[in-house]
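>>> this is a predicted model, with the sequence first.
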Amino acid sequence: MRVFFNSVQISQICLVFALLVCSGSSAVWAEGLALRPLQVSNQAPLASLAGLPTAGRPRLLTAGAYEAAFSWDLSNNFTSGRNGQEQLLFDGESQRLALRLDRGFADGWEAGIEVPLLTRRSGSLDRFIEGWHDFFGLPQGGREETARDQLEYRYQNGTSTLELQQETAGLGDIRLFLSRQLSMSKDSALAVHASLKLPTGDESKWLGSDSWDASLQLSGDQRWSSAWQRLALFWSGGVLLSDGGGILSEQRRKVAGTASLGAAWSMWQSVALQLQLDGNTSLFDDSELRQIGDAAVQLSIGGAVAVTDSTRLELAVVEDIAVDTAPDVSFHLRVSQRF
C-alpha cells in the first residue's frame, strides 16, 4: 500500500506530536533554551540518499537521559543540465519524515537510532516559488518553460539512465548513531560522532541508496553570555565513507568530506535566531554537471523555541547558495522532547 502526505496531513501530524511531547516530562533545558546546531542536511534527490550527517551536537545527553525527536523536511527541486553524454532533470518534491531516539550513557557516551519515511511526489509549491522569484526579480532557471507540479527525476550518462516518474513513498535508510563527549565547560564543548546508514530503503523507488554508508564527525561550540543576551558559534567537520554500491555505483565516491558552520543568538530564555552553512564535497565522479560533480553548499535561516521546559521546536528555511547543488528551497521542522 502506498502512502502520500499533503500539507494539511503533515500539519496535523506535527500538531499531534507536539501535543504529545508537551504532555511529557518536566526535565529542564540547561540555561533556558539550549543553543545548538540546526538538524538539516542536503535533500537533493541523489544527495539525500547518501548518509550525509546533520551537524553533530557538541553537548551530549547526560547518563540516563533520553531525547525523542520528530522531524519534517519538505524540499522543492527544479534543475536541469546537459553536457556531452550527460543529461539531467530533477523536477519534483521530496518529503522526509523521521523519528529519532537518543539516550545518554555513563562516561560521556550517547547512542541513537533514526527511522525515516520518504515521499517522492509531484508536489504543489511550483506556483509559489515562481511568484517568489518574480517578486524579487530572481531568475526562474527554466521553471516557466516546464509544466508545474510534475515529477521527473532523470539522469543519463552515456548508455546508463536513472529515472523516476511515478510517485513513491516508503521506509528510507535507517541510521544508527554513537557519540562521545570529549570535553565540556560552560563556554565550550567538543564531541565526536559516528553514524551508520543501513540499506533498508528501496533503491528502485529512490527511497534508499542500497549502500552501507558511515560517517565520522568532530563538532564543537563556543559560547558567550551577558546579562541580556547569549551567543553561540557551532562548527563541525568530518568524512563520509561508502561501500560504493547502489545507485550510480560506478560513479559513487567512496570518500567525501562534510562541514558545517553556524551561529545562534538569543535575547530571551525561550527563543533563539539561527544561521547555518552546511556543505559537502562531491559524492560522485565522472560528471561535469554541477548538480552531480560539484561540492554542495546550503544556507539555513531559522531558529528554535522552547515550547515547554523540556520541549523544543526548531524551524528553518534552507536555500542552495551553491546553485543547483541542493534543493531550490527546503522547509524544516523538528520537535524534540527530553525526558
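Nice, thanks for sending it over.
>>> and the closest residue in space to D243 that isn't next to it in sequence, what is it in contact with?
Once flanking residues are discounted, D243 sits nearest to W212: 4.7 Å by C-beta to C-beta, 6 or more residues apart in numbering. (C-beta placed from N, C-alpha, C; glycine too.) Contacts for W212 (C-beta atoms under 8 Å, 6 or more residues apart in numbering) come out as L196, K197, L198, P199, S242, D243, G245.
>>> tell me the spacing between W212 and E250.
Separation of W212 from E250 (C-beta to C-beta, to the nearest Å): 17 Å.
>>> look up phi and psi at the residue nearest to D243.
phi -90, psi 120 (degrees, to the nearest 10).
>>> packing partners of the longest strand seen in the chain?
In terms of residue count, the longest strand belonging to the chain (DSSP state E) is strand 86-105. Counting contacts by 3 or more C-beta pairs under 8 Å, 6 or more residues apart in numbering; DSSP states H and E, strand 86-105 is packed against helix 7-22, strand 66-83, strand 109-121, strand 152-157, helix 290-293.
>>> only the buried residues of the very next helix or strand once past the shortest one, if you could.
Pointing back at helix 290-293 there. Going down the chain from helix 290-293, the next helix or strand is strand 296-306, by DSSP states H and E. Of the residues in strand 296-306, A296, V297, Q298, L299, S300, G302, G303, A304, A306 count as buried by neighbour count, 16 or more other C-beta atoms under 10 Å.
>>> hmm, who's touching stretch 175-194?
For stretch 175-194, the surrounding residues in contact (C-beta under 8 Å, 6+ apart) are 51, 53, 56-60, 102, 108-114, 116, 195-198, 214-224, 238.
>>> just the buried residues from those, in PyMOL please.
Listed next is the PyMOL selection for buried residues among those, using 16+ other C-beta under 10 Å:
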select buried, resi 51+53+56+57+58+59+60+102+108+110+112+114+116+195+196+197+214+215+217+218+219+220+221+223+238
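>>> roughly how far is the longest strand of the chain from the heart of the chain?
How far strand 86-105 lies from its chain's middle: 6 Å, per C-alpha atoms, centre = their mean, to the nearest Å.
>>> in stretch 74-93, what counts as buried?
Buried residues in stretch 74-93 (16+ other C-beta under 10 Å): 74-81, 86, 88-93.
>>> now, the most widely separated pair of those residues?
Largest separation among the buried residues of stretch 74-93 by C-beta to C-beta: L74 and E86, giving 28.2 Å.
>>> can you lay out the contacts of W212 as a markdown table showing distance to R154 and pLDDT?
What follows is these, written out as a markdown table (distance: C-beta to C-beta, whole Å; pLDDT from 0 to 100):
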| residue | distance to R154 | pLDDT |
| --- | --- | --- |
| L196 | 30 | 98 |
| K197 | 25 | 97 |
| L198 | 27 | 97 |
| P199 | 23 | 96 |
| S242 | 23 | 95 |
| D243 | 25 | 92 |
| G245 | 21 | 83 |
